[in-house]
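J.: Predicted model and sequence below, questions to follow.
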Protein chains: 2
Amino acid sequence: MNFSTSEENYIKAIYHLQQSGGTVTTNELAAHINTRAASVTDMLKKLKVKDILLYEKYHGFQLSPKGKKVALGIVRKHRLWEFFLVNNLNFGWDEVHEIAEELEHINSITLIEKLDAYLDYPKFDPHGDPIPDVNGKMEPTRQVNLIDLALHKSARISAVGSQSSELLELLSHKGILIGSNIEVLQKFAFDHSIEIKIDENPSFSISQQLAQSLFVKPI
Amino acid sequence: MNFSTSEENYIKAIYHLQQSGGTVTTNELAAHINTRAASVTDMLKKLKVKDILLYEKYHGFQLSPKGKKVALGIVRKHRLWEFFLVNNLNFGWDEVHEIAEELEHINSITLIEKLDAYLDYPKFDPHGDPIPDVNGKMEPTRQVNLIDLALHKSARISAVGSQSSELLELLSHKGILIGSNIEVLQKFAFDHSIEIKIDENPSFSISQQLAQSLFVKPI
DNA sequence: ATTTAAATTTAGATTTGTCTAAATTTATTT
DNA sequence: AAATAAATTTAGACAAATCTAAATTTAAAT
């Protein structure tokens, strides 16, 4: 079956939201894709008819197995394009989200297979997220929220929690880059901020909120 | 200014149609983009307001200077993507039109500049059509319709007149490829068919219609 | 167990792009 | 130059995706 760009955006958003906490709610989804709850309800009904959603009025919803497959296909396209943009076209990893957001809706199975081959079947995108293969299978992320990293344990920054431009702006201001080495020097109970050291630079502190948006792979 | 996919498709179609014969007519355009005359009229009014079109009711229309610029931008994107698909992703030159048709609507100036650089600023796409540069300038095509090629003059096949799947099917059946050498051995007045020889293969004849869809560069 | 608040859904309107059928304008014929 | 044909435009309708405002359902609080 074929889906409109709008339907695909809903499917993808539901996929991401249900990754953290079983079913998804209307308001949650509306906030996430920057639209109104009423619009969400309209789309939910459509997706239910198309067998993409398990949905009961007033009681939240989640993707059907079929819906999950579709979602993984979109995620696959998004991450492959991001890989291409950063690796081949020399974009910064923090500049590619929006473009990939458009490219992911290009409709051609052959295109994606050929792109995958051209890129030599990458397993992770530039943000550290795993790229699903043709069957939707992907490597486990094996990454930890920075909040959960033990004191003085070396790790490498592997992913960011969102692609919001506000977050990316802050990261670039602080000089925090995917791939850098990181170590937590101290945790402050008062505001849950933490003191970190990146590579060989002088240490500095970041807020709880920021720390929660960073993922690392312990070395 | 920004344009919808639909608007862009109209602009591009008008550009191509006016290449052969000053102003364009409503029916011509409707036939070309497979829609109804009434829909065309609706869009013409919108494009006129946006200063893309020089248009007077009942009397045909053509792109304004601004419209021409927009059109060249779209053509540039289309041809760069075709080049990428054939050259890098190993598509056949006869398989890429539809995909490029989607990719050309991706909205990012940086993307196209980086793609252009990555491809090393190609001047012609895989069909032999020139690729406009950032300012809309491009090489003259310097190609001739096969119908107009003199007898026994060597030439190289450089372009096809349309991307219709019917044409591409016939070309692939006859083994006619962009880049091959070609020579016209005889022209038949009765039905305007012509006898041709491609590379070192045995000669065969093709219809007037087919010949008119082939363009060559004399050597 | 009511009442109140929050979340969700419905009803009805709007925009974009399309369509059919009817009306109008221009071009062609005799 | 009037009559007919062809091309074009208008009028009104429709589907997709969205919105606001009102109604309904569920959850929370006394």
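T.: Perfect, I can see it now. These numbers were taken from a predicted model, which means no experiment stands behind them.
J.: okay, and the helix or strand of chain A with the least pLDDT?
T.: The element with the least model confidence among the helices and strands of chain A, by mean pLDDT, DSSP states H and E, is strand A:144-145, at a mean of 86.
J.: Next secondary structure element downstream of it?
T.: Following the chain from strand A:144-145 toward its C-terminal end, the next helix or strand by DSSP states H and E is strand A:155-160.
J.: Just the buried positions in that following strand, please.
T.: Buried positions in strand A:155-160, judged by neighbour count with 16 or more other CB atoms under 10 Å in any protein chain shown: A:155, A:157-160. (Each C-beta comes from the backbone N, C-alpha and C, glycine too.)
J.: now do stretch A:10-24
T.: Buried residues in stretch A:10-24, counting neighbours by 16+ other CB under 10 Å, are found at A:10-15, A:17-18, A:23-24.
J.: any idea which helix is longest in chain A?
T.: Secondary structure assigned by DSSP state H gives helix A:65-87 as the longest helix of chain A.
J.: now check it, is it near DNA strand D?
T.: No. Shown here: helix A:65-87 not in contact with DNA strand D (CB under 7 Å from any atom of the strand), separated by at least 14.2 Å.
J.: re earlier: strand partners (parallel or antiparallel) of the least confident helix or strand of chain A?
T.: Looking at strand A:144-145 with DSSP bridges, its partner strands are strand A:214-218 (antiparallel).
J.: hang on, the earlier thing: what's the following helix or strand after the longest helix of chain A?
T.: Toward the C-terminus, helix A:65-87 is succeeded by helix A:97-103 as the next helix or strand (DSSP H and E).
J.: Which neighbouring elements make contact with that next one?
T.: For helix A:97-103, the contact count by 3 or more CB pairs under 8 Å, 6 or more residues apart in numbering or on different chains; DSSP states H and E identifies helix A:65-87 as packing neighbours.
J.: Could you list every helix and strand that the helix it packs on packs against?
T.: Packed against helix A:65-87, as judged by 3+ CB pairs under 8 Å, 6+ apart, are the following elements: helix A:5-19, helix A:97-103, helix A:109-118.
J.: among those helices, which is nearest residue B:218?
T.: helix A:109-118 (34.6 Å; CB to CB).
J.: For the closest one, name the packing helices and strands.
T.: Helices and strands touching helix A:109-118, by 3+ CB pairs under 8 Å, 6+ apart, are helix A:65-87.
J.: Next, residue A:173: secondary structure please.
T.: At residue A:173, secondary structure determined by DSSP: H, G, I helix; E, B strand; the rest coil is helix.
J.: nearest residue to residue A:88 other than its sequence neighbours?
T.: In space, residue A:88 comes closest to residue B:118 once its chain neighbours are excluded; the distance is 6.1 Å by CB to CB, 6 or more residues apart in numbering or on different chains.
J.: Tell me the residues of chain A that contact chain B?
T.: Neighbours of chain B within chain A, by CB under 8 Å from any CB of the partner chain: A:85, A:88-91, A:95, A:98-99, A:102-103, A:106-108, A:110-111, A:114-115, A:118.
J.: State the three-state secondary structure for residue A:28.
T.: Three-state call for residue A:28 (three-state DSSP): helix.
J.: How about the contacts made by it?
T.: If you count contacts by CB atoms under 8 Å, 6 or more residues apart in numbering or on different chains, residue A:28 has them with residue A:17.
J.: What pLDDT does the model give it?
T.: pLDDT for residue A:28: 96.
J.: just the one 10 residues further on next, same as before
T.: pLDDT, residue A:38: 98.
J.: chain center to the helix or strand where it lies: distance?
T.: Counting by DSSP H and E, the element that carries residue A:38 is helix A:37-49. With CA atoms, centre = their mean, to the nearest Å as the basis, the distance from the averaged C-alpha position of helix A:37-49 to the chain average is 23 Å.
J.: List the buried residues in it.
T.: By 16+ other CB under 10 Å, the buried positions in helix A:37-49 come out as A:40, A:43-44, A:47-48.
J.: follow-up on the earlier one: any chance of the helices and strands packed on helix A:65-87 in a markdown table, plus mean pLDDT?
T.: Conversion of the helices and strands packed on helix A:65-87 to a markdown table gives the following (pLDDT from 0 to 100):
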| stretch | mean pLDDT |
| --- | --- |
| helix A:5-19 | 97 |
| helix A:97-103 | 97 |
| helix A:109-118 | 98 |
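J.: Residues of chain A that sit close to DNA strand D?
T.: Contacts of chain A with DNA strand D, taken as CB under 7 Å from any atom of the strand, map to A:4-7, A:35-36, A:38-39, A:42-43, A:46, A:57-59.
J.: right, and residue A:111 touches residue B:100 too?
T.: No. Distance between residue A:111 and residue B:100: 10.2 Å, which falls outside the contact criterion (CB atoms under 8 Å).
J.: Please enumerate the shared neighbours of those two.
T.: Common neighbours of residue A:111 and residue B:100, counting by CB under 8 Å, 6+ apart, are residue B:85.
J.: if we can go back for a sec, what's the closest of the helices and strands packed on helix A:65-87 to DNA strand C?
T.: Evaluated over those, closeness to DNA strand C peaks at helix A:5-19, with 11.7 Å, by CB to the nearest atom of the strand.
J.: Could you find the closest non-adjacent residue to residue A:91?
T.: Nearest-residue entry for residue A:91: residue A:85, 4.4 Å, with adjacent residues in sequence omitted and distances by CB to CB, 6+ apart.
J.: How about residue A:205?
T.: Leaving out its chain neighbours, residue A:205 is closest to residue A:195 (CB to CB, 6+ apart), at 4.7 Å.
J.: mind listing what the one you found touches?
T.: Applying CB under 8 Å, 6+ apart, the residues contacting residue A:195 are A:184-188, A:203-205.
J.: Which neighbouring elements make contact with the helix holding residue A:38?
T.: Using 3+ CB pairs under 8 Å, 6+ apart as the contact criterion, the neighbours of helix A:37-49 among helices and strands are helix A:5-19, helix A:26-32, strand A:53-55.
J.: ok, residue A:197 to chain B distance?
T.: 34 Å (CB to the nearest CB, to the nearest Å).
J.: Please tell me how far that residue sits from residue A:78.
T.: Remark: distance between residue A:197 and residue A:78 (CB to CB, to the nearest Å) = 32 Å.
J.: Between the two, which has more neighbouring residues?
T.: When residue A:197 and residue A:78 are compared for neighbours, residue A:78 comes out ahead with 23 against 16, by other CB atoms under 10 Å in any protein chain shown.
J.: Next, count neighbours for residue A:146.
T.: 22.
J.: Other residues contacting the helix or strand harbouring residue A:62?
T.: Residue A:62 is located in strand A:61-63, with elements delineated by DSSP H and E. Contacts of strand A:61-63 from elsewhere in the structure, counted by CB under 8 Å, 6+ apart, are A:11, A:14-15, A:18, A:22-24, A:44, A:48, A:52-55, A:71.
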